[in-house]
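> Okay, predicted coordinates and the sequence, questions at the end:
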Amino acid sequence: MTLLAGSCAALAQETPDAGGTPPAPPAASRDEVDRSTLRLFERFIQDAVETPIWTEFRYRYDNLEDSTAHFVSPILVTRIVPRFEAGIRFGFLNVNSETQPDGSGLSDMEIFLKFVPGSDRASRWGWGGVLKIPTGDEQEGLGTGRADLELFGAWRLDAPAATLTANGAFRYTGSADTAAGETQHLFILGTGLIVPTSARTATVLEIVYETERFEGGVGESTSLTAGLQVTERRGRGGIRAAVGLPLTDGAPDLTLMGSVYFAIGAGER
């Protein structure tokens with residue numbers, strides 16, 4: 001948190017006066033990665049950025065107190081019209097638990113729509129929603145059997161040295177009665193720092209907080225995710241990897257993520 005606060009102060013010194021017009025995002029040289037292709041891991045959707053076409057194939061491992069989960073999923077994103085990004089996320093989930101139902105199969109599906117006005121500016125806002133479709137079998141611990149709806153707002157600043165992000169959301173969970181307890185509606189806050197470290201690499205830091213997910217559960221969740229994104233020479237794709245660590249008891253003990261991605265039309269408006 002101290003690192004993010006210090007970075008925010010540094011970024012503020014690089015922005016124009018309050019009465020000035022926000023500048024355009026830093027122009028990328030031929031050998032520099034387009035900033036719109038540098039994206040978050042945990043809050044990938046909830047970021048005030050749009051990419052014409054983004055396809056990512058991701059593996060995720062979560063180690064919780066009494067269970068483990070393996071998740072393999074595609075993330076498919078497209079710009080439907082200027083300023084609007086839509087996408088879908090689903091996959092194959094395997095859950096092994098000592099105390100709860102477990103199994104393997106299709107996960108819940110998420111579809112989203114996001115609006116990013118002024119996406120050609122360095123400082124911008126975004127708003128959107130995420131609908132979870134309960135395609136996962138709740139009897140095997142692959143879902144809650146209820147639809148979720150999340151409404152979120154996001155802010156992003158592309159300064160010359162780094163990109164700073166922030167987001168907040170309310171998630172309606174349908175109050176599903178599960179083996180872990182009744183689901184509760186969630187409030188979620190996130191902040192991130194994306195720092196290009198070379199012409200084709202960038203580090204990503206995220207802190208995500210959410211209120212207690214299950215009534216009588218282990219409590220609120222706060223996690224820190226640190227990742228690395230490496231872009232191939234033409235800037236049309238690359239690899240991403242991250243590790244997540246808990247800051248409170250409600251977060252997974254360990255999260256590992258790895259993916260390959262393809263970005264088409266980055267930088268186009």
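That came through fine. Numbers count the residues shown, from 1 in each chain.
> Where do the helices of this structure begin and end?
Counting by DSSP state H, residue ranges of the helices within the chain are 2-14.
> Could you list the low-pLDDT ranges of it?
Along the chain, segments meeting pLDDT under 70 span 1-32, 266-269.
> so what does the longest strand anywhere in it touch, helix or strand wise?
The strand that spans the most residues within the chain, counting by DSSP state E, is strand 67-81. Helices and strands touching strand 67-81, by 3 or more C-beta pairs under 8 Å, 6 or more residues apart in numbering; DSSP states H and E, are strand 53-63, strand 84-89, strand 92-97. Just so you know, the C-beta spots here come from the backbone N, C-alpha and C atoms, and that holds for glycine as well.
> how far off strand 84-89 does the longest one point, in degrees?
Going back to what we said before, that points to strand 53-63. Here strand 53-63 runs at an angle of 40 degrees relative to strand 84-89 (axes from the mean of the first three to the mean of the last three C-alpha atoms, to 10 degrees).
> Show me the contact partners of strand 53-63.
Here strand 53-63 makes contact (C-beta atoms under 8 Å, 6 or more residues apart in numbering) with 37, 39, 68-79, 87, 240, 252-265.
> Give the buried residues for it.
Within strand 53-63, the residues scored as buried using 16 or more other C-beta atoms under 10 Å are 54-56, 58, 60-62.
> Ok, the last one next?
For strand 92-97, a neighbour-count test (16+ other C-beta under 10 Å) marks 93-95, 97 as buried.
> Distance check, residue 254 against residue 215.
25 Å (C-beta to C-beta, to the nearest Å).
> Beta-bridge partners for residue 62, please?
According to DSSP bridges, residue 69, residue 255 are recorded as the beta-bridge partners of residue 62.
> same thing with residue 96?
Residues in a beta bridge with residue 96, per DSSP bridges, are residue 68.
> And residue 186, by the same measure?
residue 171.
> which residues does it contact?
Contact analysis of residue 186 by C-beta under 8 Å, 6+ apart lists 169-171, 173, 210-211, 213.
> rerun at 7 Å
Residue 186 makes contact with 171, 173, 210-211, 213, according to C-beta atoms under 7 Å, 6 or more residues apart in numbering.
> And residue 258, by the same measure?
Residue 258 makes contact with 59, 241, according to C-beta under 7 Å, 6+ apart.
> again, but for residue 232
By C-beta under 7 Å, 6+ apart, the residues touching residue 232 are residue 238.
> now the one 10 residues further on
When contacts are counted by C-beta under 7 Å, 6+ apart, residue 242 touches 41, 204, 225-227, 257.
> Output the residues you listed in CSV; the columns should cover neighbour count and distance to residue 144.
CSV is the format used below for these (neighbours: other C-beta atoms under 10 Å; distance: C-beta to C-beta, whole Å):
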residue, neighbour count, distance to residue 144
41, 24, 23
204, 23, 29
225, 21, 24
226, 14, 29
227, 23, 28
257, 19, 22
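> before we move on, back to that, what's the most distant pair in the buried residues of strand 92-97?
Taking every pair in these and measuring C-beta to C-beta, the maximum separation is 12.2 Å, between 93 and 97.
> Am I right that residue 143 is in contact with residue 136?
Yes - counting by C-beta atoms under 7 Å, residue 143 touches residue 136, with 2.9 Å between them.
> hey, what's in contact with both of the two?
In terms of C-beta under 7 Å, 6+ apart, residue 143 and residue 136 are both contacted by the residues residue 108.
> Give me the residue at the spatial middle of this structure.
In the chain, the centroid-proximal residue (C-alpha atoms, centre = their mean) is residue 43; its distance is 1.8 Å.
> distance of that one from residue 154?
In terms of C-beta to C-beta, residue 43 sits 8 Å off from residue 154.
> would a markdown table of the contacts of residue 186 with neighbour count and distance to residue 83 be doable?
Written out in a markdown table, the entries for the contacts of residue 186 read as follows (neighbours: other C-beta under 10 Å; distance: C-beta to C-beta, whole Å):
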| residue | neighbour count | distance to residue 83 |
| --- | --- | --- |
| 171 | 20 | 24 |
| 173 | 19 | 29 |
| 210 | 18 | 28 |
| 211 | 16 | 31 |
| 213 | 21 | 32 |
